[in-house]
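K.L.:
curious how this folds, go ahead:
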Amino acid sequence: MSDASLPVASPCIGQCCLDEQEICLGCFRSLSEIVAWSQASDQKRRAFRHNAIQRRHDSEGQPEPNSLSDLVLSQN
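P.N.:
The predicted structure follows:
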């Protein structure tokens, strides 16, 4: 099964708190991504997840993951 055919789960972890740039400190999505999530296509949701994971890695000083498999492994 390819990454594109996997269902796109919400990255929300139930610790919602926005910083001064309106980025959630729990899931690292922007406020606009959170608001748009319910109506977004799977392609758009993947982009939102990628953005959120990139923000999390940037905040932790970690390199960007190379693939969806790396992203899934980094969340476990």
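K.L.:
make it CA atoms for all contacts and neighbour counts henceforth
P.N.:
Noted.
K.L.:
list the buried residues in stretch 33-42.
P.N.:
33-34, 37, 42 (16 or more other CA atoms under 10 Å).
K.L.:
let's have those in a markdown table, adding pLDDT and secondary structure.
P.N.:
Converted to a markdown table, the buried residues of stretch 33-42 look like this (pLDDT from 0 to 100; DSSP: H, G, I helix; E, B strand; the rest coil):
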| residue | pLDDT | secondary structure |
| --- | --- | --- |
| Glu33 | 98 | helix |
| Ile34 | 97 | helix |
| Trp37 | 97 | helix |
| Asp42 | 95 | helix |
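K.L.:
farthest pair in these?
P.N.:
Spanning the widest gap among the buried residues of stretch 33-42 are Ile34 and Asp42, at 14.0 Å by CA to CA.
K.L.:
let me see the ranges of the strands in the chain.
P.N.:
Using DSSP state E, no strands are assigned anywhere in the chain.
K.L.:
residue ranges with poor pLDDT in it?
P.N.:
1-4, 62-76 (pLDDT under 70).
K.L.:
now Lys7: phi and psi?
P.N.:
If you look again at residue 7, you'll see it is Pro, not Lys. Dihedral angles of Pro7 (phi, psi; degrees, to the nearest 10) stand at phi -60, psi 150.
K.L.:
list the contacts for it?
P.N.:
Asp42 (CA atoms under 8 Å, 6 or more residues apart in numbering).
K.L.:
that one and Leu18, how far apart?
P.N.:
26 Å (CA to CA, to the nearest Å).
K.L.:
likewise for Cys12?
P.N.:
Cys12 is 13 Å from Leu18, by CA to CA.
K.L.:
if you count what's nearby, which of those two comes out ahead?
P.N.:
Shown here are Cys12 and Leu18; by other CA atoms under 10 Å, Leu18 has more neighbours (16 against 13).
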